[in-house]
Structures are given as structure tokens and as C-alpha cells.
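Chemist: Everything below, folded, please.
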Amino acid sequence: MLKYTEEKIFTQEQVQQLFLSVHWGSGNYPERLYKALMHSSTVLTVWDDEKLVGLTRVLDDTEMLAQIHYVLVHPKYQGQGIAGKMIEHVKEKYKDFLYIEVMPEDKNYVPFYTKHGFAVMENGAALQICNYGNMH
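Modeler: All right, here's what the predicted structure looks like:
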């Protein structure tokens, strides 16, 4: 039985292992990643006993806007509906906000989000400055 919690009970090592399991570059910065998660508005984690198997985080301004950033599930646990349950939890928590936004870095994930009620901003565009290359 998987356990879902918003308690920030994860360790830096557990988070790093999860991110590296899906080949996300953030896992290469474990200290920064851990600090960022500890300072995030909401971090929903999914556990199989002591094993961290899923995580999503939300940054919010307490009233208007909640932005989902990071939705990941360990490869061995994918296909079980875990990501969908995490998204539904976030939607329920933030149902009184004016906007819940997500910016998937891969267009292949759009159908997953539209299935959960998100709409593509037809005239919108995602823009980013990536400082990875500037880090020493």
C-alpha cells in the first residue's frame, strides 16, 4: 500500500536517487535540490514503505497562482496511476486558487495533463533561462 504525504520527511539522498532514476539533471545538484524542496510551498511524496517512489512539488503565492513543477515517478512504479493521483491531490488542494499551471518540458506529456483538466494556452509560449552551463 503506497502512502502519500505532504510531510517533508525525505532525505537529500532519497531525493537524489529518485531524480537520477528518471535521468533528471536536478539530481546532479543534491544539496540545492534538497534545499529547494524544503523551501517549496507543497511537496507531495509517495512512499512504498521506506522507499521514495514519487514526488511532485508546487510553488504558490498563497492566493492566486499555483505552479506545478516536478512530477516524477520511479521507473519501477510507473504505469500505476501514481502521477495522476498526485495531480488530483494538487488540484483538490488548490481548487480555490484562480490558476493552477504546469509547464511540462516535454510536449509528449500534454495529453496526460489535458486528461486531468488542464488546457493548453493557445497563444502562450514557455520561455526559460537555463543557467546550467554557467555553474562551476
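
Chemist: so where does Pro111 fall, helix or strand?
Modeler: helix 110-115 (DSSP states H and E).

Chemist: For the chain, which helix extends over the most residues?
Modeler: Across the chain, the longest stretch assigned as helix under DSSP state H is helix 82-93.

Chemist: mean confidence score for that helix?
Modeler: Mean pLDDT, helix 82-93: 98.

Chemist: same check, this time on stretch 37-48
Modeler: If you average the pLDDT over stretch 37-48, you get 98.

Chemist: mind checking the end-to-end distance for that stretch?
Modeler: Stretch 37-48 has its terminal residues 20 Å apart, counting by CA to CA, to the nearest Å.

Chemist: can you map out the strands along the chain?
Modeler: Counting by DSSP state E, the chain forms strands over residues 3-5, 42-48, 51-60, 65-73, 99-102, given from the N-terminal end onward.

Chemist: Give me the distance between the first one and the centre of its chain.
Modeler: Think strand 3-5. Mean C-alpha position of strand 3-5 versus that of the full chain (CA atoms, centre = their mean, to the nearest Å) differs by 14 Å.

Chemist: counting contacts, what elements does it pack onto?
Modeler: Helices and strands touching strand 3-5, by 3 or more CB pairs under 8 Å, 6 or more residues apart in numbering; DSSP states H and E, are strand 42-48, helix 82-93. Any C-beta I mention is one placed from the backbone N, CA and C, and that applies to glycine too.

Chemist: can you check the last one too?
Modeler: Here strand 99-102 is seen to pack against strand 65-73 when contacts are counted using 3+ CB pairs under 8 Å, 6+ apart.
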